[in-house]
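Asker: predicted model and sequence follow; I will ask about them next.
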Amino acid sequence: MTSGRALKVSILMPVFNAQATLRECLDSIFQQSLQNFEIIAVDDFSSDDSVSLMQSYDDPRIRIIKNKNKGIVPALNTGLLHCRSDYVARMDADDVMHPQRLQKQYEVLQQDDGITLCATQAKKFPEEIIRAGYIEYMRWQNACLSMQDIKNQIYIESPFAHPSVMFRKQRIIAAGAYRDGEFAEDYELWLRLFHDEHKMMKLDEVLLDWRESDGRLSRTSSRYSDVAFEKLRAYYLAKDARLQGREIVFWGAGRKTRQRAQHLIDNGITPSAWIDIDANKIGNVYQQAKTHAPEWLCQCNTKPFVLNYVRNHGAREYCRAHLDAAGYVMGEDYLDVA
């Protein structure tokens, strides 16, 4: 702890062969305006000089913990148990904090006990290697800020950059902490917290530089594949209270869209109808449900709940505009699904 004062923030940071980026990361932490922190650095069986590099700082705020079982989820849960503050900031050993990050997130959680998790906007770097898909993802993620935004858009994609979040340790542990499986451990946690009605939000400020590289787990592990994300979303979407007791309509009757929707059907949510703008698909029957033009939604005596599976850039916005004009309210009568 710092100067005998109660510890304010624990920084939870798994470390695996991070020698090339670790110094830049640690320097950004030690330059924080809030200096009353500890770094729980969980060494995940590194074979490079990561541990000796951390030891070279000779700072008691760095606490190096050996992971019990190799892998990101054991590392996170091992580190979580060693955190001495209830305010836990996630960090990855290849990312960079902006100087005000810890202070601003700590103040939000201090001032509002109802908030379980506070994230920040993030910026991907180095810019020259960021692919178009990630540029669009970050544009969307950085615009998904409020609790209502998250409620309405959590089934599009993971709304938070994992190393940008700060959360309350005891609530996360009570919710089951991180779970291991063939899914993204962070997105699964956000979905679980959402279903348990925890309040989550994001600061409207870029306070993390989020490194992109071909070696990131999101690039190399099957648990971060498109199919893994689709199955995870479908599992939680099928349990969403907003869908219960409503006729369900899927927007998007193309082959690829139907393949994505099949995961939800496998979880017991079957469509009463499909919507598509392609005249060649109107009248086609899939899963014993007929395909209609968008205008059909205005003719329904009782509004169905629409799941918009269209995800092409611009097409999703077209669907939203049509639904809004027809009197359907996002979050109450329809949701976008990636």
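Answerer: Sure thing, it's come through.

Asker: from now on I want contacts and neighbour counts done on CA atoms only, so please keep to that.
Answerer: Fine.

Asker: and the nearest residue to L76 once chain neighbours are set aside, how many neighbours does it have?
Answerer: Spatial nearest neighbour of L76, chain neighbours left out: P14 (6.7 Å); criterion: Cα to Cα, 6 or more residues apart in numbering. P14: 27 surrounding residues under other Cα atoms under 10 Å.

Asker: distance of P14 from P99?
Answerer: Separation of P14 from P99 (Cα to Cα, to the nearest Å) stands at 21 Å.

Asker: what of R90?
Answerer: 15 Å.

Asker: try F194
Answerer: Distance from F194 to P99, by Cα to Cα: 29 Å.

Asker: for the protein, just list every one of the strands.
Answerer: For the chain, the strands defined by DSSP state E occupy 9-15, 37-43, 62-66, 87-90, 96-97, 115-125, 166-168, 199-211, 248-251, 273-275, 285-286, 289-292, 305-308, 334-336.

Asker: got TSV for those, with distance to R179 and mean pLDDT too?
Answerer: Output for these, formatted as TSV (distance: least, Cα to Cα, whole Å; pLDDT from 0 to 100):
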stretch	distance to R179	mean pLDDT
strand 9-15	16	98
strand 37-43	17	98
strand 62-66	19	98
strand 87-90	16	98
strand 96-97	26	98
strand 115-125	17	98
strand 166-168	16	98
strand 199-211	19	98
strand 248-251	30	98
strand 273-275	34	98
strand 285-286	35	97
strand 289-292	36	98
strand 305-308	27	98
strand 334-336	26	98
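
Asker: need those in CSV (columns: distance to A326).
Answerer: Output for the strands of the chain, formatted as CSV (distance: least, Cα to Cα, whole Å):
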stretch, distance to A326
strand 9-15, 46
strand 37-43, 51
strand 62-66, 56
strand 87-90, 42
strand 96-97, 44
strand 115-125, 33
strand 166-168, 39
strand 199-211, 29
strand 248-251, 14
strand 273-275, 14
strand 285-286, 24
strand 289-292, 15
strand 305-308, 12
strand 334-336, 11
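
Asker: to N152, which of those lies closest?
Answerer: strand 334-336 (6.4 Å; Cα to Cα).

Asker: okay, buried residues for the closest one please.
Answerer: By neighbour count with 16 or more other Cα atoms under 10 Å, strand 334-336 contains the buried residues Y334, L335, D336.

Asker: just the closest of those to V73, please.
Answerer: So of those, ranked by how close each gets to V73 (Cα to Cα), first place is D336, at 28.8 Å.

Asker: of all the strands of the chain, which lies closest to Q299?
Answerer: So among those, strand 289-292 is nearest, using Cα to Cα, at 11.1 Å.

Asker: now do that closest one: which elements does it pack against?
Answerer: strand 273-275 (3 or more Cα pairs under 8 Å, 6 or more residues apart in numbering; DSSP states H and E).

Asker: grab the nearest non-local neighbour of the residue most central in space within the chain.
Answerer: The structure's the chain has its C-alpha centroid closest to S158; by Cα atoms, centre = their mean the separation is 2.8 Å. Distance criterion Cα to Cα, 6+ apart; nearest residue to S158, sequence neighbours excluded, is Y187 at 5.4 Å.

Asker: same check, this time on S28
Answerer: Closest to S28 by Cα to Cα, 6+ apart is M97, at 5.4 Å.

Asker: for the one you found, give the beta-bridge partners.
Answerer: M97 has the following beta-bridge partners by DSSP bridges: L208.

Asker: hang on, it packs against I29?
Answerer: Yes. With contact defined as Cα atoms under 8 Å, M97 reaches I29; the gap is 6.3 Å.
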